[in-house]
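Novice: Next one to model:
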Amino acid sequence: MKVRLFEIFTSVEGEGILYGTKTLFVRLAGCPFTCFYCDTKESLPLDSGKEYSIDEACQLIDSNLKKQTYKVNFTGGDPLIQHQAVALLAKHIQEKKILTYLESACFDIDRFNHVLPFIDIVKIEFKTKDSDFVDSEHYEKLIGHTMNCLESSVKAKKTTFIKIVVSSKTKINEFEELTNQIFKIISKENLDGFIIQPTYGVAEPSLELLLDLYDVVYPHYIDVKVVPQLHKFIDIP
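Specialist: You can find the predicted model right below:
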């Protein structure tokens, strides 16, 4: 089996509930989606990066692991594009007693469930309709898969949190509809975080909008947080 990697590097986690932790990022190539705010567009083509055997990729990960790394983050692109390879690489990391972390739009429940046994922390990224993730015809189907992945992660008792990127285009009523859907299938007790992440450098939302979106989530989950991409402000990858 081969895997196509775009880059591997150690940095400080700049997003989500574990921001500030020393992290090895394994960025896989390939993503079929078209989010207008994507900040890793160079990794989206399926033929970007470089192809490795699984053994070569494991050696590359080992050579880049630094002391006291808190977790290894599988990112992209979208890692589920290469789900079989991710499962093997994550298993390799777990054998080293290092936490594994998956960040994905979770667009396919079968691929997600294949990877899940080898992942410790799951960031479920829900896309809003205005993100240009996919066309309106396919949006509900893909969000349905994301909902299924959320439910599967919670049932597997993984550390599970939600991230939703919002912009000045985000509509309150659509965000509220999405939030209501989420909390129909899971309870607040089974969630480890809910992050509202504003876009940076493109269609940035106003403070007023961010507060309104916060107020939508708060009745369901009082630990909701608005967290920007902190790494943008200290100029690191």
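
Novice: Could you report the separation of E95 from I119?
Specialist: To I119, E95 is 14 Å away according to Cβ to Cβ, to the nearest Å. (Glycine included, C-beta is placed from N, CA and C.)

Novice: just checking, what's the longest helix in the protein?
Specialist: Looking across the chain with DSSP state H, the single longest helix is helix 136-155.

Novice: Now the element after it, going C-ward?
Specialist: strand 159-166 (DSSP states H and E).

Novice: The next helix or strand after that next one versus helix 136-155: what angle between them?
Specialist: The C-terminal neighbour of strand 159-166 among helices and strands, as given by DSSP H and E, is helix 172-185. Angle, helix 172-185 to helix 136-155, by axes from the mean of the first three to the mean of the last three Cα atoms, to 10 degrees: 40 degrees.

Novice: Contacts for helix 172-185 next, please.
Specialist: Helix 172-185 has contacts (Cβ atoms under 8 Å, 6 or more residues apart in numbering) with 126, 128-130, 143, 147, 150-151, 162, 164, 166, 209, 212-213, 216-217, 220-221.

Novice: OK, contacts around S104?
Specialist: G76, D78, P79, L80, F112, K123, I124, E125, C149.

Novice: Tell me which stretches of this structure form helices.
Specialist: Under DSSP H, the chain gives helices at 54-64, 83-94, 109-115, 136-155, 172-185, 207-217.

Novice: export these to CSV and tack on mean neighbour count, mean pLDDT and distance to I8?
Specialist: Output for those, formatted as CSV (neighbours: other Cβ atoms under 10 Å; pLDDT from 0 to 100; distance: least, Cβ to Cβ, whole Å):
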stretch, mean neighbour count, mean pLDDT, distance to I8
helix 54-64, 15, 97, 5
helix 83-94, 20, 98, 10
helix 109-115, 19, 98, 18
helix 136-155, 17, 94, 25
helix 172-185, 15, 97, 32
helix 207-217, 15, 98, 33
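
Novice: check contacts around the residue minimising distance to the centre of the chain.
Specialist: Nearest to the geometric centre of the chain sits E103, at 2.6 Å (Cα atoms, centre = their mean). Neighbouring residues of E103 by Cβ under 8 Å, 6+ apart: E15, G16, N73, F74, T75, G76, P79, K123, E125, K163.

Novice: let's see 10 Å
Specialist: 15-16, 25, 73-76, 78-79, 121-125, 163 (Cβ atoms under 10 Å, 6 or more residues apart in numbering).

Novice: longest strand anywhere in this structure?
Specialist: strand 2-12 (DSSP state E).

Novice: returning to that earlier point: so if I had to pick from E95 and I119, which one is more boxed in?
Specialist: I119 (25 against 10; other Cβ atoms under 10 Å).

Novice: what's the neighbour count on the closest residue in space to T146 that isn't next to it in sequence?
Specialist: Leaving out its chain neighbours, the residue that sits closest to T146 by Cβ to Cβ, 6 or more residues apart in numbering is C106, at 4.6 Å. A count of nearby residues for C106, using other Cβ under 10 Å, gives 27.

Novice: ok, now F233?
Specialist: F233 has 10 nearby residues by other Cβ under 10 Å.

Novice: That one: what's it in contact with?
Specialist: G14, Y200.

Novice: Kindly report the same for K91.
Specialist: K91 neighbours (Cβ under 10 Å, 6+ apart): C58, T100, V115, P117, F118, I119.

Novice: what would those look like in a markdown table with distance to D192?
Specialist: Written out in a markdown table, the entries for the contacts of K91 read as follows (distance: Cβ to Cβ, whole Å):
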| residue | distance to D192 |
| --- | --- |
| C58 | 28 |
| T100 | 15 |
| V115 | 18 |
| P117 | 18 |
| F118 | 18 |
| I119 | 13 |
